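J.: Fold the following.
(4 chains)
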2 protein chains.
Amino acid sequence: MDKKPTIDDVARAAGVARATVSRVLNSSPNTSERVRQRVLQAVKDLGYQVNLQARQLASGSSRVVALIFAAAADAEPNSYYHSAVELGAMRACSELGYGLIAHTLDPAQDVYRSRVLAMVDERRCDGLVLTPPFSDDAGLIRALTQREAPFVLISAGPDARRLAHSVGIDDRQAGFELGEHLVRGGHRCFGFISGPQDHRSAALRLDGFLEALRHAGIDEGCVTVAKGNFTFKSGIDCAEKLLASAARPTALACANDDMAAGALFSAHRIGLNVPSDLSITGFDDTPVSQIVWPPLTTIHQPLRVIGSKAIELLVGQIMRENGASDMADHQHLVPFELIQRSSTSQGAPN
Amino acid sequence: MDKKPTIDDVARAAGVARATVSRVLNSSPNTSERVRQRVLQAVKDLGYQVNLQARQLASGSSRVVALIFAAAADAEPNSYYHSAVELGAMRACSELGYGLIAHTLDPAQDVYRSRVLAMVDERRCDGLVLTPPFSDDAGLIRALTQREAPFVLISAGPDARRLAHSVGIDDRQAGFELGEHLVRGGHRCFGFISGPQDHRSAALRLDGFLEALRHAGIDEGCVTVAKGNFTFKSGIDCAEKLLASAARPTALACANDDMAAGALFSAHRIGLNVPSDLSITGFDDTPVSQIVWPPLTTIHQPLRVIGSKAIELLVGQIMRENGASDMADHQHLVPFELIQRSSTSQGAPN
DNA sequence: ACGTAATTTGGAAGCGCTTCCACAAATTAG
DNA sequence: CTAATTTGTGGAAGCGCTTCCAAATTACGT
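T.: The predicted structure follows:
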């Protein structure tokens, strides 16, 4: 097995200096067309490929960014959400000539911070995109800011959004519209399955939801909240609890689709008909919302767009390379949409 | 902002040579305890972190492996499958001190081969794990073998398994057991929703299934096959077609859970009761099989184990560093299990 | 035609690390 | 107590690339 050709081999073959080859390869502006062609030809002839390690070492940048997801060690990760964001991110990356490395960490294990920081300290990547609940971790954000590492937050809560560049939807407004929708359906007694506390943007969904009810003149006492953790399983458990109460709600709003699927499962088990006995709403519009029966009314988040937008912001930040100062308009809000399917009744319930 | 400390800073602080620091850091055998401690102390004091790029360039290995998944540009990726495999792989990696980079590619776009090869050519990783349908791509396998790149196949078909190290279940036997189960349930008229052609291991599932029917003395004419592509959507379409036929099957076996969920969806829409009117089986035992109602009878594949096993094999291969010769016992078969849930009837159908 | 400015090219110095080789020190054997 | 080993350590040569700087070439104005 013969060794791989290096830049020097190319230089020799093209009869130019190593520096010239480097310039051509990095499309530096100052190269004559004649030399340029010669070099390109030599590259092709030899089947030359840059050695990324060497390039990175010499240039001091890896041209790789990382996308950080949460996944509890035992629980199933919210895969559809992840995949969609990752897909968007990947596209943006390949367009911008960056590599993407997706990393999932368990937010319950305290090492996660050092793991994240190690990624930038060891120069595995030039920048980071954080998804919830990491995007609400003030300590992490501070550490990142301190070492001047470029990063972008996805679906962060209001506090975190103040501290760094971010992209996401208006969760509060989305929650509001869900509330409105259910009120319009004639419901007066509600259950809400929320996310864990550290997930700030999910909390906003509840805020907005409650506001919609208030707006409609419905008493706060008419809504019971159960705290889930975004898993299907927790949706089952919460729904079971909520549906067992004396004043059984006729509508269940859930902070994500997986929990809504769980609620639906509970309803089936109890023998309730959806939507005639019980309306259920999800959040995110992941494929789960269409896989279940009946398909879920939910809020569509443009997850891929969010992923690609985050990368664009991040790369912009990396290129600018000055960091700090320009926190100007870098709080991107993307549009969401209420998707009406058959898990919610149109008219009034019993 | 002060620059990061280098190995030379550590050496100076500890009063030893750079080479010694390197030895300590790489736990080379020849270092005295006294010096060792001094170096470690200096590392801690300075907050030193190795620069991976430099280490990789100097050592010629990146200590990173890649996991390649398929995802059509438009269709939703089979996320649960991916996540589970990735999780297992990730664990094995962190145990073995390797980094993992998961990459998804569209098998429909021809560039995918060069993308994969570039990963090893550019030395982004020391080795690869391929999932279907890439694990059945003879051309890719050949190219990889030719450049002596270490790689491991997941759920590859028999042809590919002959060519390289692999890990997976006995798909044929799993299909057989599914068939048996349905026959035991009293069914005599079947539908089978298969995967795309290039997915060899999924084809084995059908082979095994048919064999079970033959075994039970059931005529081949009693089973109709529809070709899906592993997506929920294709499950709906195929089921619709199969259920519309004159001799409507009383049992539908599907090559993965997502398509089974689609079949279930169709059944609901048509107004068939599962399992009393129609039994449905999935494959993989991803969370989808429990999210739907009724939950699916399916084959449990130990996806995480498969992921971690693949990494172990791969790293073993990388360390051995001789490649080729020892294709001995490197065809790992992991156990699967038939999981019985309520989507299949126990007794005889109508 | 000539001087000066703008552009293209080559030379060489690293980037931060691993690892080979040689040498000194500490052991063991004879 | 010297000779033959076995350690432990330092020096130095790269790994393959980018990039600064200076030299060479070309373009342009007068």
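
J.: Grab the nearest non-local neighbour of the residue of chain A found nearest chain B.
T.: Relative to chain B, the nearest point of chain A is A:S79 (3.6 Å; Cβ to the nearest Cβ). (Glycine included, C-beta is placed from N, CA and C.) Nearest in space to A:S79, with sequence neighbours left out and distances taken as Cβ to Cβ, 6 or more residues apart in numbering or on different chains, is B:S79 at 3.6 Å.

J.: before we move on, back to that, can you get me a residue count around the residue of chain A closest to chain B?
T.: 28 (other Cβ atoms under 10 Å in any protein chain shown).

J.: Surely it and B:Y80 touch.
T.: Yes. Judged on Cβ atoms under 8 Å, A:S79 makes contact with B:Y80 at a distance of 5.2 Å.

J.: The helix or strand where A:Q41 lies: how far from the chain's middle?
T.: Secondary structure assignment for A:Q41, by DSSP states H and E: helix A:33-46. The chain centre lies 42 Å from the centre of helix A:33-46; the measure is Cα atoms, centre = their mean, to the nearest Å.

J.: And that helix, what's buried?
T.: Buried positions in helix A:33-46, judged by neighbour count with 16 or more other Cβ atoms under 10 Å in any protein chain shown: A:35-36, A:38-39, A:42-43, A:46.

J.: Identify the residues contacting it?
T.: A:5, A:9-10, A:13-16, A:20-21, A:24-25, A:48 (Cβ atoms under 8 Å, 6 or more residues apart in numbering or on different chains).

J.: Report the contact partners of A:L333.
T.: Counted by Cβ under 8 Å, 6+ apart, A:L333 has contacts A:167-170.

J.: With respect to DNA strand C, which of those is nearest?
T.: Closest approach to DNA strand C among the contacts of A:L333 (Cβ to the nearest atom of the strand): A:V167, at 32.3 Å.

J.: To which secondary structure element type does that closest one belong?
T.: strand (DSSP: H, G, I helix; E, B strand; the rest coil).

J.: pLDDT below threshold where in chain A?
T.: Along chain A, the model assigns pLDDT under 70 to residues A:1-2, A:73-77, A:321-329, A:347-350.

J.: Do a quick rundown of the helices in it.
T.: A:7-14, A:18-25, A:33-46, A:52-59, A:79-96, A:112-121, A:138-146, A:158-163, A:171-184, A:200-215, A:232-244, A:257-270, A:288-291, A:303-320 (DSSP state H).

J.: Could you list the domains of chain A?
T.: A:7-50, A:64-169+A:304-336, A:172-300 (automatic domain parsing).

J.: Quick check: end-to-end length of the longest one?
T.: Read it as domain A:64-169+A:304-336. 29 Å (Cα to Cα, to the nearest Å).

J.: show me the contacts for A:G97.
T.: So A:G97 contacts A:R63 (Cβ under 8 Å, 6+ apart).

J.: Give me the distance between it and DNA strand C.
T.: Separation of A:G97 from DNA strand C (Cβ to the nearest atom of the strand, to the nearest Å): 20 Å.

J.: Same question for A:V21.
T.: Distance from A:V21 to DNA strand C, by Cβ to the nearest atom of the strand: 8 Å.

J.: pretty sure that residue contacts A:V10?
T.: Yes. The pair A:V21 / A:V10 is scored as a contact, 5.0 Å apart, by Cβ under 8 Å.

J.: And the contacts of stretch A:211-229?
T.: Under Cβ under 8 Å, 6+ apart, the answer for stretch A:211-229 is A:72, A:75, A:172, A:175-180, A:183, A:188-197, A:206, A:209-210, A:234-235, A:237-239, A:241-242, A:245, A:249, A:254-255, A:259, A:262.

J.: Kindly report the same for stretch A:304-319.
T.: A:61, A:65, A:67, A:84-93, A:96, A:98, A:100, A:126-129, A:150-152, A:154-155, A:165, A:167-169, A:323, A:330, A:332, A:334.

J.: on that earlier part again, and the contacts of helix A:33-46, which are buried?
T.: For the contacts of helix A:33-46, buried by 16+ other Cβ under 10 Å: A:5, A:9-10, A:13-14, A:16, A:20-21, A:24-25, A:48.

J.: Now for these: which two are most distant?
T.: Using Cβ to Cβ, the pair of these lying farthest apart is A:P5 and A:T20, separated by 16.0 Å.

J.: circling back to that earlier point, at contact distance from DNA strand C, anything in the helix holding A:Q41?
T.: Yes. Using Cβ under 7 Å from any atom of the strand, helix A:33-46 reaches DNA strand C at A:34-36.

J.: Restricting to C-alpha, output that helix in CSV.
T.: What follows is helix A:33-46, C-alpha atoms only, in CSV (Å, rounded to 0.1, in the frame of the first residue of the first chain):
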residue,chain,number,x,y,z
GLU,A,33,-5.5,31.1,-14.0
ARG,A,34,-2.6,29.2,-15.7
VAL,A,35,-1.0,28.0,-12.5
ARG,A,36,-4.4,27.3,-11.0
GLN,A,37,-5.2,24.9,-13.8
ARG,A,38,-1.9,23.2,-13.5
VAL,A,39,-2.3,22.6,-9.8
LEU,A,40,-5.9,21.4,-10.2
GLN,A,41,-4.7,19.0,-12.8
ALA,A,42,-2.0,17.6,-10.6
VAL,A,43,-4.5,17.3,-7.8
LYS,A,44,-6.7,15.2,-10.0
ASP,A,45,-3.9,13.1,-11.4
LEU,A,46,-2.6,12.2,-8.0
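
J.: Just want the angle from that helix to helix A:7-14.
T.: 120 degrees (axes from the mean of the first three to the mean of the last three Cα atoms, to 10 degrees).

J.: where does chain A come near DNA strand D, residue by residue?
T.: Taking Cβ under 7 Å from any atom of the strand as the contact definition, chain A meets DNA strand D at A:3-4, A:6-8, A:18-19, A:21-23, A:25-26, A:48, A:50-51, A:54-55, A:57-59.

J.: Would you write a PyMOL line that selects the buried entries of these?
T.: Here is the PyMOL command that selects the buried residues among the residues of chain A next to DNA strand D (16+ other Cβ under 10 Å):
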select buried, chain A and resi 6+7+21+22+23+25+48+50+51+54+55+57
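
J.: number of nearby residues for A:S28?
T.: 11.

J.: Tell me what the nearest residue to A:S166 once chain neighbours are set aside is bridged to.
T.: Excluding the flanking residues, the one nearest A:S166 by Cβ to Cβ, 6+ apart is A:L153, at 3.9 Å. Beta-bridge partners recorded for A:L153 (DSSP bridges): A:L130, A:S166.

J.: contacting residues for A:L153?
T.: Contacts of A:L153 by Cβ under 8 Å, 6+ apart are A:129-130, A:135, A:141, A:160-161, A:164-168.

J.: Mind doing that once more with 7 Å?
T.: A:130, A:135, A:160-161, A:164-166 (Cβ atoms under 7 Å, 6 or more residues apart in numbering or on different chains).

J.: and these, which two are the farthest apart?
T.: Among the contacts of A:L153, A:L130 and A:R161 lie farthest apart (Cβ to Cβ), at 12.1 Å.

J.: quick one, which of the two is more surrounded?
T.: When neighbours are counted by other Cβ under 10 Å, A:L130 and A:R161 differ, and A:L130 comes out ahead with 28 against 22.
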